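*Asks:* The sequence isn't on hand, but the structure is:
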């Protein structure tokens, strides 16, 4: 804003120089007008820069609490009862206290680090769950202690899940600011507690001072430029030849800029130019085409508006961290269009330095790889699907079982496995031929899939006429219900089979095994147990379910 005011004023002066500067009085009037304009622009500029510095500092402090909160496992926090005697006897409580201490010790500006949530029988009061202070410290707050300080920010974070900051305050320990962030259950998004950080406000005050001093310096520079401009009017004739040379050099530079502008505007890749603080300064037309955002909508904002949180976790924080140790970052991430749709992109970010090493800009070049990603996903899908039955193949089964076993280990949840085998299928192939056998396999696979349709369930062809069904977070009783549903669905197909002496139609036997995994990667016993149960179902007369 200040620079624009200076340019506009200078342009008016140059156009009217011949008539307006005919006397000393007119020159003095012009000088006064320019200084007034510079003063008004400087006043607005100083306020803008100071507010911007305050906002950046708030964002920094909020990110400290948000980053720390993200490191806590909500499942462990939920286990705290808020009762000092009960919690102090649990390993979870001591582990959380140790984690709070690590958060506090990692930054020397942190004073108090604690976990809170509303009291169960009085939701208008906040109680402590855990505190990083030593138990014998006079500042220690035990589980269940009621927080008697200002709590509007705490309740706001707990109710909305959005981080908040309490304005800086002074107490007997010094000058502080409190940042509060929510600890959420990653599956439900529900806030289970709030994490509070009391942080020294010295950096905050220092930052505001730096921004304010910077703005004052710019205003002073503007004033000096105005004075120098007025002085230059007296030396105009002497500098005419020098000015002509400068104009020639400027024209050459502009030709180079015009050529670069043509390349930027017509390339198929999106280009974003950001300042040192990762705020968008300019974008090219391909950016608008890919993202759906107009340049006027994104200028001055951070690239986080493109972030797709359902796919990435603070990806731009990771980019910023990577650029602290190198001048180049490249990778794949998911982005969000203005319409809300997401798409994969390949991106490169480079840092532009001044001669003295100061960071001037960041240049981000990216392109939409949706078609490539769709092709990769399709190939991955084909590689994980059984070509005959169109259910998951053995390779997909192995990957999902291992993944669900580890998930059950983390969450201490049961996982069930059903092994199913078509009764006397070899004799079916011998009687009716392999073409009929293939059709039979497809129908049985469809019946099994229709009977196990919960989110997370996986039906796979284990081999030949044998199928496997993975049931995450499912106890034995629920697994038996599903197995019985599958058995009945296959029998309901009424596929004739004269070689099946027990029913004269296709039947299926199923074995069930349920485990709550120990802290080990050995999930083979689950498969072996389900396989043994299958053989018991076979031995008991087939067309049955055994656990």
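*Replies:* Yes, it's here. None of the values given here were measured: they were computed from a predicted structure.

*Asks:* Which residue is the nearest non-sequential neighbour of residue 485?
*Replies:* In this structure, residue 485 finds its nearest non-sequential neighbour in residue 451, 4.6 Å apart by Cβ to Cβ, 6 or more residues apart in numbering. In short, each C-beta sits where N, CA and C put it, glycine included.

*Asks:* Give me the number of neighbouring residues for the one you found.
*Replies:* 19 (other Cβ atoms under 10 Å).

*Asks:* wait, doesn't it sit right on residue 491?
*Replies:* No - Residue 451 lies out of contact with residue 491 (Cβ atoms under 8 Å); the separation is 11.6 Å.

*Asks:* one step back: if I pick the residue nearest to residue 485, what's in contact with it?
*Replies:* 482, 485, 486, 489 (Cβ atoms under 8 Å, 6 or more residues apart in numbering).

*Asks:* Columns secondary structure on top of these, output as a markdown table?
*Replies:* Shown next, in a markdown table, are the contacts of residue 451 (DSSP: H, G, I helix; E, B strand; the rest coil):
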| residue | secondary structure |
| --- | --- |
| 482 | helix |
| 485 | helix |
| 486 | helix |
| 489 | helix |
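
*Asks:* for those, which one is nearest residue 182?
*Replies:* Using Cβ to Cβ, residue 482 is the member of the contacts of residue 451 that lies nearest residue 182, at 36.3 Å.

*Asks:* Let me know the pLDDT of that closest one.
*Replies:* For residue 482, the model assigns a pLDDT of 94.

*Asks:* swap in residue 408?
*Replies:* For residue 408, the predicted pLDDT is 90.

*Asks:* which residue packs closest to residue 421, ignoring adjacent ones?
*Replies:* residue 466 (4.8 Å).

*Asks:* That should have said residue 200, apologies.
*Replies:* If the residues on either side of it in the chain are set aside, residue 200 comes closest to residue 109, at 4.2 Å by Cβ to Cβ, 6+ apart.

*Asks:* Now do the contacts for the one you found.
*Replies:* 199, 200, 202, 203.

*Asks:* Just to check, the first one is in contact with residue 175?
*Replies:* Translated: residue 199. No - applying Cβ under 8 Å, one finds residue 199 not in contact with residue 175, separated by 10.3 Å.

*Asks:* Flag the shaky bits of the chain, pLDDT-wise.
*Replies:* Applying pLDDT under 70 to the chain flags residues 1-24, 27, 232-241, 260, 263, 309-316, 318, 377, 382, 519-522.

*Asks:* Where is the longest helix in it?
*Replies:* helix 24-70 (DSSP state H).

*Asks:* how distant is that helix from the center of its chain?
*Replies:* Distance of helix 24-70 from the chain centroid (Cα atoms, centre = their mean, to the nearest Å) equals 32 Å.

*Asks:* Could you point out the helix or strand that follows that helix?
*Replies:* Counting by DSSP states H and E, the element after helix 24-70 in chain order, helix or strand, is helix 74-78.

*Asks:* Buried ones in that next one, by neighbour count?
*Replies:* 74, 76, 77 (16 or more other Cβ atoms under 10 Å).

*Asks:* Identify, from those, the entry nearest to residue 420.
*Replies:* Using Cβ to Cβ, residue 74 is the member of the buried residues of helix 74-78 that sits closest to residue 420, with 36.3 Å.

*Asks:* who touches the residue lying closest to that closest one once chain neighbours are set aside in this structure?
*Replies:* Excluding the flanking residues, the one nearest residue 74 by Cβ to Cβ, 6+ apart is residue 185, at 4.4 Å. Residues counted as contacts of residue 185 (Cβ under 8 Å, 6+ apart) are 74, 75, 78, 192.

*Asks:* Could you tell me which residues make contact with the last one?
*Replies:* Listed by Cβ under 8 Å, 6+ apart, the contact set of residue 192 reads 74, 77, 78, 117, 183, 184, 185.

*Asks:* Repeat that for the second one.
*Replies:* Contacts were defined as Cβ under 8 Å, 6+ apart; by that measure residue 75 touches 185, 411.

*Asks:* How much space separates it from residue 191?
*Replies:* To residue 191, residue 75 is 14 Å away according to Cβ to Cβ, to the nearest Å.

*Asks:* and stretch 350-361, how far out from the chain's middle?
*Replies:* Per Cα atoms, centre = their mean, the centroid offset for stretch 350-361 relative to its chain is 28 Å.

*Asks:* cool, and stretch 485-503?
*Replies:* Counting by Cα atoms, centre = their mean, stretch 485-503 comes out at 50 Å from the chain centroid.
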